[in-house]
Each structure stands twice: as structure tokens, then as C-alpha cells.
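Student: give me coordinates for this.
(one chain, ligands or ions: 1)
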Amino acid sequence: MRSSLRSSLLGILLCLGLTGTGAGSAYNARPKLVVIIVIDQFRGDYLERYRDQWGEGGFRLLLDHGANFTDCNYNYANTRTAPGHATLLTGAYTNGHGIMANDWWDPQKKAIVAAADDDQTKLVGVAGGAPGASPHHLLADTLGDELKLATQGKSRVFGIALKDRASVLPAGFAANGAYWIDRTTGAWITSTYYRSELPRWAQDFNDNKRAEKYLNQDWKDSNGNILRSTRPAAGKPGNFYDLVGSTPLANDYEFEFARELITYEKLGNGPATDLLIVSLSANDILGHKVGPDSAEMQAMALAMDRQLAGFFEFLGHQIGLANVWIALSADHGIAPLPQVAAGMHLPGANVSGDKIRAQINSALSARFSHKAEYVKDLDYPVTWLDSDAFAAVKVNEQDAERAVGEALKPAGLRTYYTRSQLERGDAPNTELGSKYLHSYSPLGGWYVLGVPPPFTIGFIGGTDHATPYTYDTHVPLAFYGLPFQPGTYRTHAEPVDLAPTLASLLGINAPTHSVGRVLTEALPPSRRVAGSAHGGDREERSMPDVEGLGFRQGTMAPPSQAATSAAEAANHRTTAIAALKSCSTQRQGSWSIQRLESWSSASQDFRVSVLAAAVKNDGRTAAEGVR
Ligand SMILES: [Zn+2]
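Tutor: Have a look, this model is predicted:
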């Protein structure tokens, strides 16, 4: 019975053009939309930690109905926001995409520059003409860029985040738009790299002062206790980023904007697959302050679960979940608060990066008998050197970097890697050595990467991420969509696998510097089938098992129970047959998928159950319809 149901279902899916070589192709808009959710600072273990508290349709859409990789770790040391976002969408590490930090010392400008800063552009959407942002520091292209190339620009690609670096870098060079917020007012802005003025819908969004309703709010836990308020302090102008950014209201605000973008830019309605990257920044802003083990972070995660469910439901209504692929990951994890680690006798400590920098500068000033700021910046555990200061005392790069590295040791750093050493590929053949080789960038002048002891944070108060240790490298990696075989996968995975996996399924090139692998274990096995429209053998990918479409024990009623009354079943059957009859003459038409969607609510499970009920009640007719 079950195999005949499966073959009938397969027949219908074939008719819909969802199987075989057409499992996904960017050229013919299958899927219509790929959504990549990047949570800023979300450790891989949270999905398990709160598993019994997730509701329906949020994280569980991916956990129960998607392919979830539980052991995904960044294989580099510089686990910061800008590198993480660049890594996910380029499929490369810093030695490929060049983004090694959020900010670095620019020896030409003699200033600290941010990863997405671009003086050649201006901000759009905020008065003042301040310098804007672009992906011009990226040394590799992104999944979105390859999608644009493959479809001759027909695909639309957008990025959204509170932070510019988290919006601009993953969206890539050819993106149609990247939006982030003005930190003071919360207004959505972009840069002249993308366009000279905001689109009408975004301008209206700002004009309607939609940011303001997020101020003067209390964020309460499930017991009604106030966790945080977005009320500005008396007599002080409010700063949206600081006030709202550290509460779940910031995610609501981002999703509100994302819904507008999808609606007005008509994402998922074009002739080719569109791509949207949404980076949720609030987790990071709060997480640095309160640490991963606080009640607030738990409340934030549970709120995000509901927010994701709402957004996925919107996607279902708007585009149909059968037409959407969703990927979820994070740019880095986070260390426990040092006092939490120390409370369990782990070697946790807060140290002052500013103090270490001052110590190094005075040690080097004494050593070279010349007082100078040899280290311009210390973003623990990374130091940026001023080559001019060393040139004044006739010290070359190698010696300068070694001197700084040695000066880091008395401050507690275990060892160090210098820029010149990494450029030569000179690192021990160990797991840690390769993480540092992957952290190398030719950008940023002279620098030294210190290797900190675990659980040590480079500022006083709060916690951080920027190490090669698992609390910083372990992130979620999960996929939802028709090509993915649902399940929990404990095989080795890395964030660089996201882009090449999606590229392979879309039938496009992986990004230029991609080093990831296609996560084939989450894809149904391929088989050779004889004869095709083109005359030769072709490779056909079988559809996921019926379980993959939602008929999993315990997660929903079996098809026989899905149609509860005879009248309902008859109704489904009539609709299914009508759809199939038209379908047999227009096999590849995406309109038929839309028709299926119009039958039901946003839930893919429900939609497929309706389809299955129709097949079950008149399987023979349905199968004939396909022939
Ligand atoms: Zn981050």
C-alpha cells in the first residue's frame, strides 16, 4: 500500500516537475526563493539545549522536516561577525575571501577601517552624506553572485541585517540591495553602491516611523517579569541599536522589513530563483552582555523560535513552502561568561585588551629605545601593528611581528601566528595550525594572531567570540526544502559547505573560492535511468522518501486520516484530478505548483497530506493523469 502511494505521489511530483534532474534549477525558478537565515552569535548546541521547548513551525521546521547537521564547526580561528558572514556565502575561509576581522588597520589610510566600509560610496536613507558600505574588500564572490551570473541577472539577491557587514558581505557584489539600520534612529538604510535613493516601499517604511513603536516597550519573560526595557534613559536621546537591538523586538523589526521587501520586490515571483539573506543581529548584541547561559538568552532563543515560525508561515502563504528552500546557520558561537566557567573550576578570566596593548607598547618602546604606538589596535586576541613606527626604528615586518608575538606571551597568550609566517604557509601540520592558515588575509597590513587560553575574554565584563575553540566554532547548519532528506546528520560539516551544497542543487557554479563539500548524505541517492528527452542516459535523483514530505510517524496524521470526511475527500480528489489533467499537457508549468498551494494553508505537511489523500482515494486516476 505504502509503495503504491509513494509511486502515485512520485507520479504527481514528476508532473509538477519536482523530481529528476529538475529537483532544483535556478534557471527555471525552481525553487522560487532561497532564504538563508544567519543568526548572529548562535551556538550549535542551543538547538539541542532547548529542543523540548521549541514550538511547531520554527526551528522544528528544520529539525523535524529538514536536514540538520549537528556537528558543524568553523575551521578557522577568527570567529568574528564579518568573516563568518563572508564564509557562509563564499564557501571559503579568510584565506579565500580575505575578511579576517570586523575592523583592521589600513596602513595606507593610517586608520582602522571596517570590513564593509567604502569611502567611494555614501549612505542612502539618512541625512549627512556619510561614507557608505560595499563588499569591495571581499576577495571572493558569493552564492548570490553565481546565481546572478547563471541567470544573466534574472535572479534577485538581497541582504538584511541590523549591521552593515552582516548584510553587505553575504549578499555579495552583484546583489540588488543590502539594507541595514541607522543605529540612532533605526531607519533602514543602504549605500550608493546599490542605488542612489531608497525604493519607495523602504522610504514609506521609514516615513511611517515604524521603528518608533519598538521603543518604550518592555520585554517580558513567560511569567510576566520584565527582562529589559527599550525606554530611553531620562533626558537622553534613545539609540535604537542599543535599546531595541538587545531584545527580541529587533528580530520582529527585521522580519517586518523582510516581509515588506519580499512583498514589494516580489521575491519568488520572477523568472529565476531569488535569494534573500536575513542576518538576525539581536542575539549577538544581548549575548555579549549576559552570556549564553543566562535566562535572557534562553528567552531570546524561544522568542526567535516563534518569530521564525511566523516568518516561515508568511513564506508559505506568500510563495508556498514547496517553492522555498531555507538554510539556517550562524556566524560564530560564544564563550560562557568567564565567571560562569570559573565557577566550575574552568580557567575563565576577563583580561583588558587595552591594558595588554599599553604593556606591549611600553615594552617595545623600551626595547627599541624609542617611544611609539607600535601596536595600533588590539582586538583580543589580534594585534594590528603600525609599520611606520617599526620603520622608524629600522625593524622589518618579520622581526616586528615576532617581537609583538613574544610580548603577548607575558599577557597570557599561549602562542601566536604572524602575518608573514601565515603568508608563507608556515604553520605546524596540526588541526590548530590549519585553523590559523585559514585565518590568513593579505588585507590589513602587519598583524599578529595571538592564541588565547580557552575561556579568556579580552575585555572587562561580558563575554566574546574570536577563538578557534568549539564554543566559538560550533554553529547550526540545517536545510529545509524538497531536495533535502530530512534527518539528523552527525557527519563532519563546516559552514563552507552551505554555499557549494546550494550551488550544486541549483545547478550553478559554486562561488569562486569555495572549498566546502556538497553535503550529499542529506540528499537522496541518485540513480541512472535509461532514456531521456535528450536521447541518452541521464541521472535522476529520486524524491525524498514519503517521510521526507511530512508523513513521519507522530508528526502528523497518516494520509488515510488526513481527509476526515467523505465529502472532503471527494473535494480533494476532484481538485487533484483537475490539476493533474491540465498538468499532463503543461508538465513543467510552475503554475500547477501554485494551484496546489491554493488548496491549503501555509503548512507544507497539510498541503502534501491533501495531495496524498487525493491520490489514495483515486490513485489509479491520478497515475493515469500523469501518463
Ligand atoms: Zn557576529
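Student: and the strands in the stretch 301-450 of the chain?
Tutor: 324-330, 349-350, 375-379, 382-385, 415-418, 447-451 (DSSP state E, counting those that start in this stretch).
Student: residue in this protein nearest to the ion?
Tutor: residue 81 (3.0 Å; CB to the ion). Every residue, glycine included, has its C-beta placed from N, CA and C.
Student: residues in contact with that residue?
Tutor: Residues in contact with residue 81 (CB atoms under 8 Å, 6 or more residues apart in numbering) are 40, 102, 163, 165, 166, 284, 331, 332.
Student: sorry, back to before: can you redo the strands of the stretch 301-450 of the chain as a markdown table with mean pLDDT?
Tutor: Shown next, in a markdown table, are these (pLDDT from 0 to 100):
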| stretch | mean pLDDT |
| --- | --- |
| strand 324-330 | 98 |
| strand 349-350 | 96 |
| strand 375-379 | 97 |
| strand 382-385 | 98 |
| strand 415-418 | 98 |
| strand 447-451 | 98 |
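Student: how about the contacts of residue 81 in a markdown table, adding neighbour count and secondary structure?
Tutor: Formatted as a markdown table, the contacts of residue 81 follow (neighbours: other CB atoms under 10 Å; DSSP: H, G, I helix; E, B strand; the rest coil):
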| residue | neighbour count | secondary structure |
| --- | --- | --- |
| 40 | 22 | coil |
| 102 | 20 | coil |
| 163 | 26 | coil |
| 165 | 28 | helix |
| 166 | 31 | helix |
| 284 | 24 | helix |
| 331 | 30 | coil |
| 332 | 28 | coil |
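Student: between those, which is nearest residue 121?
Tutor: Closest approach to residue 121 among the contacts of residue 81 (CB to CB): residue 165, at 14.3 Å.
Student: and the longest helix for the chain?
Tutor: With secondary structure taken from DSSP state H, the chain has its longest helix at helix 295-318.
Student: show me what that one is packed against.
Tutor: Judged by 3 or more CB pairs under 8 Å, 6 or more residues apart in numbering; DSSP states H and E, the packing partners of helix 295-318 are strand 33-39, helix 59-65, strand 226-229, helix 249-264, helix 282-290, strand 324-330.
Student: contacts only, for residue 32.
Tutor: Residue 32 sits next to 268, 269, 270, 273, 274, 319, 320, 323, 324, 590 when contact means CB under 8 Å, 6+ apart.
Student: are any of the residues you listed buried, and which?
Tutor: The neighbour-count test (16 or more other CB atoms under 10 Å) marks 268, 270, 273, 274, 319, 320, 323, 324, 590 as buried among the contacts of residue 32.
Student: now the third one: how far from residue 66?
Tutor: Between residue 273 and residue 66 the distance is 18 Å, computed by CB to CB, to the nearest Å.
Student: before we move on, what about the second one?
Tutor: Applying CB to CB, the value for residue 270 to residue 66 is 25 Å.
Student: kindly report the same for the fifth one.
Tutor: The span separating residue 319 from residue 66 equals 17 Å under the rule CB to CB.
Student: same check, this time on residue 178
Tutor: 26 Å.
Student: same thing with residue 338?
Tutor: Residue 338 is 35 Å from residue 66, where distance means CB to CB.
Student: over to residue 189. Which of the three states is it?
Tutor: strand (DSSP: H, G, I helix; E, B strand; the rest coil).
Student: now it, which residues is it bridged with?
Tutor: Going by DSSP bridges, residue 189 is paired in beta bridges with residue 180.
Student: and it, how many neighbours?
Tutor: Using other CB atoms under 10 Å, residue 189 has 23 other residues around it.
Student: same check on residue 396?
Tutor: 12.
Student: need phi/psi at it.
Tutor: phi -80, psi 170 (degrees, to the nearest 10).
Student: check contacts around the closest residue to it other than its chain neighbours.
Tutor: Closest residue to residue 396 apart from its sequence neighbours, by CB to CB, 6 or more residues apart in numbering: residue 390 at 7.6 Å. Counting by CB under 8 Å, 6+ apart, residue 390 touches 374, 396, 397, 399, 400, 446.
Student: ok, residue 463 next?
Tutor: Applying CB under 8 Å, 6+ apart, we find residue 463 in contact with 287, 288, 291, 292, 334, 335, 336, 337, 338, 457.
Student: okay if I get those as a markdown table plus neighbour count, pLDDT and distance to residue 46?
Tutor: Shown next, in a markdown table, are the contacts of residue 463 (neighbours: other CB atoms under 10 Å; pLDDT from 0 to 100; distance: CB to CB, whole Å):
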| residue | neighbour count | pLDDT | distance to residue 46 |
| --- | --- | --- | --- |
| 287 | 26 | 98 | 11 |
| 288 | 18 | 98 | 16 |
| 291 | 21 | 98 | 13 |
| 292 | 24 | 98 | 8 |
| 334 | 24 | 98 | 10 |
| 335 | 25 | 98 | 14 |
| 336 | 20 | 98 | 13 |
| 337 | 22 | 98 | 16 |
| 338 | 23 | 97 | 20 |
| 457 | 27 | 97 | 20 |
